[in-house]
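A.B. asks: Structure for the following, please:
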Amino acid sequence: MNSRSSLRTFFSNLRQKRIVEILAAFIAGDWLIIEFVDRILVAHYHFPDKTIDITFITLLCALICTLLWRWFSGREVPRKFKLELVLIPLVVLITVLLDINLLLHLKGPESETFSAAKWKNSIAVLPFVDMSPQKDQEYFCDGMTEELINRLSNIQELKVPARTSVFTFKGKAEDIREVGRKLNVQTLLEGSIRKIGNQLRVTAQLINIANGYHLWSETYDRELKDVFSIWDEIALTIADKLKLTLLSDEKTRLVKRPIDNVPAYDCYLRARAEIYQFSEEALDRAIQLLQNGLDIIGDNALLYSTMAFAYWQCVNLGVKQEDYMARSEEYVNKALALDPDSPQAQSVLATIFRDFRGNLREAVRHYKKALALDPNESTALMLLAYTYIIDAGMPAAGLPLIERFKNVDPLNPYYYGVLGTRYLFNNQYEFALDQFRKWHEIEPESPPMQYLYAMTLAHAKENEKAFLLVDKGAKATPNNIFTKMGLLLKYGFLKDKERAFREMTPDFQKTCKRDMEASYWVACMLSVLDARKEALDWFENAINRGFINYPALEREPFLENIRGEERFKKLMERVKYEWEHFKE
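C.D. replies: Have a look, this model is predicted:
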């Protein structure tokens, strides 16, 4: 009887003090506040992810303190000891300590970034025009453009947009002010090359974007053997005309000649032109050209690191993956033995650790080393940002890097790819679709873009639009790995197991199993298809390969069909452990 009376008294007090109404109001209000912090401050303005934790703990403290105050207030019987005067300060103290701890960790490894460069000036090197009679020196002009970009990037005070961005203007007669606006630079360097036999004529002119005036122009009539001296003179003249103060090591790097042999350098330039074709046949030609260069000059760090890069691109295309990845590693180690300070070699080695060994810690270490050697190495910037944001689930560390990548390579569409995938993993589909639309405008035929765009549309329950993108890719690039993954997505939603598994050819499986993200996506699509054992096998492979984005895995709706499986739960415990320790 006493217990029933006490229970009635308890519920009576809840009603009188309006505890339930207060609790409901706090839940509704707190949810809105947390949504604002997550979707606006964190997602849009890139506040650290721990801002959500700090907000939640602070709101919980406010709720507990309010409930305690309401529960003990209005008591008619005088009390010598007021318990709420102890409990409320205690709750506040615990909250303050927790918030301070989270704030201190904002400065820890999770938010580690590289300091932004302090640019005094900026210049874009536009692709040099081939003025040779036979118009057969395009590779030479492109190579010389890239050479100048690389040299000028060594000047800390000078912002130099990367190759990908400036080459979007190749062959286009666009107003210089518009070019300057798109690249966000103050000056442009443009010129032409006329090569006949061993005779070389190079013209170069430096233009002020603001008024269109020439700051400097020069014509060099030299023999081909003097090509390196010409680039030395142009680079040093630009630094002088822009009134930049060169440090001693910057001046050394500005006139550094990684290949001081014209025939070997010609092989290198031809090989770079082939690599940018991104086809198996072109890469084979590139590897042969690089070998020709090595036969001419002997051991050379730049040729070795470029050979490593070429083999890595072959692996990306699914060509002899085990063999070619081993060769990529062999050549990158040769390059580093000759030149430990090669940013390109460090970046390729980092990618080997990330893509082939599933070792994110070592990948991050080598990407950081590449950026320490060259803070504007755009590939390393993008891939380190991608590793943090997508693979490791640490956007607080990656988002500042991707913003720097956009600064260095402003027209590179992969900026939208990384940011879009970040929003996709965060279940923010409207934001993700916005990024993929921008990527689509630049590269409408890109298989990775089509797949990620279709995947996001499917998450947003716009299946018809997703299937249209998949079918478009299937017509244009039927054998591409991303196209096949798109078809797997489509058949998964149509519950067509026969056609889905038909797309999973041995070559497709071999390629995807090497890649952590591909394995993750295949697991998602097999889960949608309700092929649970196969989905769990691919999910485990993704984790073995290094995919530890625990927050994304917790939120992923496509994994719902396997989320209740005991094997899935154990794998998630492992991911959580590795994710938490990776941040330390």
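
A.B. asks: Would you map the strands across the stretch 1-150 of the chain?
C.D. replies: 121-125, 129-130 (DSSP state E, counting those that start in this stretch).

A.B. asks: closest one to Leu206 among those strands?
C.D. replies: strand 121-125 (7.7 Å; C-beta to C-beta). Using the backbone N, CA and C atoms, a C-beta is placed for each residue, glycine as well.

A.B. asks: what's in contact with that closest one?
C.D. replies: 145, 148-149, 152, 157-161, 165-166, 179-180, 183-189, 206, 238, 242-244 (C-beta atoms under 8 Å, 6 or more residues apart in numbering).

A.B. asks: Spatially nearest residue to the residue most central in space within the chain (excluding sequence neighbours)?
C.D. replies: In the chain, the centroid-proximal residue (C-alpha atoms, centre = their mean) is Tyr386; its distance is 2.9 Å. For Tyr386, ignoring the flanking residues on the chain, the nearest one in space by C-beta to C-beta, 6 or more residues apart in numbering is Val418 at 5.3 Å.

A.B. asks: which residues touch the one you found?
C.D. replies: 382, 385-386, 389-390, 402.

A.B. asks: So among those residues, which ones count as buried?
C.D. replies: Among the contacts of Val418, those buried by neighbour count (16 or more other C-beta atoms under 10 Å) are 382, 385-386, 389-390, 402.

A.B. asks: can I get the residues you listed in a markdown table with distance to Gln291?
C.D. replies: A markdown table is the format used below for these (distance: C-beta to C-beta, whole Å):
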| residue | distance to Gln291 |
| --- | --- |
| Met382 | 29 |
| Ala385 | 33 |
| Tyr386 | 31 |
| Ile389 | 37 |
| Ile390 | 35 |
| Ile402 | 36 |
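
A.B. asks: ok, the residues you listed vs Leu32, which is closest?
C.D. replies: Ile389 (26.7 Å).

A.B. asks: any idea how far the closest one is from Leu457?
C.D. replies: Taking C-beta to C-beta, to the nearest Å as the measure, Ile389 and Leu457 are separated by 21 Å.

A.B. asks: same thing with Glu517?
C.D. replies: 18 Å.

A.B. asks: So those two - more neighbours on which side?
C.D. replies: Leu457 (23 against 18; other C-beta atoms under 10 Å).

A.B. asks: and Leu188, helix, strand or coil?
C.D. replies: Applying DSSP: H, G, I helix; E, B strand; the rest coil to Leu188 yields a three-state assignment of strand.

A.B. asks: Likewise for Lys195?
C.D. replies: Lys195 - assigned by three-state DSSP - is strand.

A.B. asks: And the pLDDT for Gly293?
C.D. replies: Listed pLDDT for Gly293 reads 94.

A.B. asks: and the helix or strand it falls within, what other elements does it pack with?
C.D. replies: Element membership for Gly293 (DSSP states H and E) is helix 280-297. The contact analysis (3 or more C-beta pairs under 8 Å, 6 or more residues apart in numbering; DSSP states H and E) places helix 280-297 against helix 262-275, helix 301-316.

A.B. asks: can you give me the angle it makes with helix 301-316?
C.D. replies: Angle, helix 280-297 to helix 301-316, by axes from the mean of the first three to the mean of the last three C-alpha atoms, to 10 degrees: 160 degrees.

A.B. asks: mind listing what the nearest residue to Glu274 once chain neighbours are set aside touches?
C.D. replies: Leaving out its chain neighbours, the residue that sits closest to Glu274 by C-beta to C-beta, 6+ apart is Ala286, at 3.8 Å. Applying C-beta under 8 Å, 6+ apart, we find Ala286 in contact with 271-272, 274-275, 310.
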